[in-house]
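Student: Any chance you could fold what I've pasted below:
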Amino acid sequence: MVPSPAMEQEIDPNEGEREGDELRPGQPIILVDRKNRRYLSVLAAGGHTDLRGHHFQHDDFIGLPPGFRVRSSRDELFAVLRPTLAELVVDMPRFATIIYPKDLGTILVWGDIKPGLRVVEAGVGTGSLAIAVLRLIGERGELVSYEVRDEAINRARKNIRLAFDGLDPANHRVREKDIYEGIEERDLDRLLLDVPEPWQVVPHAAEAMKDDGIFMAYSPTVLQVKETVDALHRSRAFMLIETSETMMRPWHVARNSVRPELRMIGHSGFLTFARKIR
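Tutor: Below you'll find the predicted structure:
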């Protein structure tokens, strides 16, 4: 493909020959301006993006590998990149408050999410946790999402398709069911809860989870944490019960200035983990 005259740098035609490397319709991109501000857009054949009067034609991008710079209709340089998971979940359309990247990272590592696991989540929300889990469990793994709100299910499905280039992952199922009433699946490796009363799920978790499996509950308030931890202790089916919160403070690093940013990403939720035992 011959680069558009709008492209700032000439692109080696061999760079886009790797299968799957080229930008395609339905894929999300981010446009980054000279102040490093990021703008999420979804490519469409014949589509365009307008950022405060800076116009971009999607056909100029489709077929090219990401990582190039382009001049807008107002002659300002923007970089065209694929969004990282952190960039995607922060900017994608929301139904409810998302689980932020700082918490997703803790959930994925402390929850030991890896290929081949059978996972149930409850409270699909905007789909950020589902996207993160699906990326790690791979095709051999399975994710089942419990959700009672139609609007949340519809929004999450759209966002998951956005993260997977317009496709519905074959290893993801959604149950329109209240998890407080029970868990249909058995031999679960992981149970991830983002619901108002996770303690109501503890008895079901004790029956549905494998021994050595990991239970996780995301709770905005410490009162929810206390109820959940008490329920885990009462069940006698869990040990290594731990609660933490993750805070993130960015730093401004420039040539003549190094200082913390004026705003940090503070409290968003508490994370409670526990291990299932006989």
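Student: So I29, which state does it fall into?
Tutor: Secondary structure, DSSP: H, G, I helix; E, B strand; the rest coil: I29 is strand.
Student: Relative to P65, how far out is it?
Tutor: Counting by Cβ to Cβ, to the nearest Å, the gap from I29 to P65 is 12 Å. In this view, the C-beta of every residue, glycine as well, is placed from N, C-alpha and C.
Student: Looking at the two, which is more packed in?
Tutor: Neighbours were tallied for I29 and for P65 using other Cβ atoms under 10 Å; the higher tally belongs to I29 (21 against 16).
Student: Quick check: that one touching T84?
Tutor: No. Contact between I29 and T84 fails when scored by Cβ atoms under 8 Å: they sit 11.8 Å apart.
Student: Identify the contacts common to those two.
Tutor: Common neighbours of I29 and T84 are not found (criterion: Cβ atoms under 8 Å, 6 or more residues apart in numbering).
Student: Just say helix, strand or coil for D21.
Tutor: With three-state DSSP as the basis, the three-state label of D21 is coil.
Student: list the residues that contact both of I29 and P65?
Tutor: L23.
Student: Show me what E142 is bridged to.
Tutor: With DSSP bridges as the criterion, E142 is bridged to R118.
Student: ok, it to H172 distance?
Tutor: For E142, the distance to H172 under the criterion Cβ to Cβ works out to 8 Å.
Student: most centrally placed residue in this structure?
Tutor: Most central in the chain under Cα atoms, centre = their mean is S128, positioned 3.3 Å from the mean C-alpha point.
Student: before we move on, which element is the residue nearest to it when sequence neighbours are not counted in?
Tutor: Sequence neighbours aside, V89 is the residue nearest to S128 in space, at 4.0 Å (criterion: Cβ to Cβ, 6 or more residues apart in numbering). Following DSSP states H and E, one finds V89 within helix 85-91.
Student: circling back to that earlier point, could I get the phi/psi values of the residue nearest to the centre of the chain?
Tutor: For S128, the backbone dihedrals are phi -70, psi -40 (criterion: degrees, to the nearest 10).
Student: Settle this for me: it is touching D103, isn't it.
Tutor: No. Counting by Cβ under 8 Å, S128 stays clear of D103, with 9.3 Å between them.
Student: other SSEs contacting the helix or strand where A156 lies?
Tutor: Applying DSSP H and E as the criterion places A156 in helix 150-163. Helices and strands in packing contact with helix 150-163 are listed as helix 85-91, helix 128-137, strand 172-175; criterion 3 or more Cβ pairs under 8 Å, 6 or more residues apart in numbering; DSSP states H and E.
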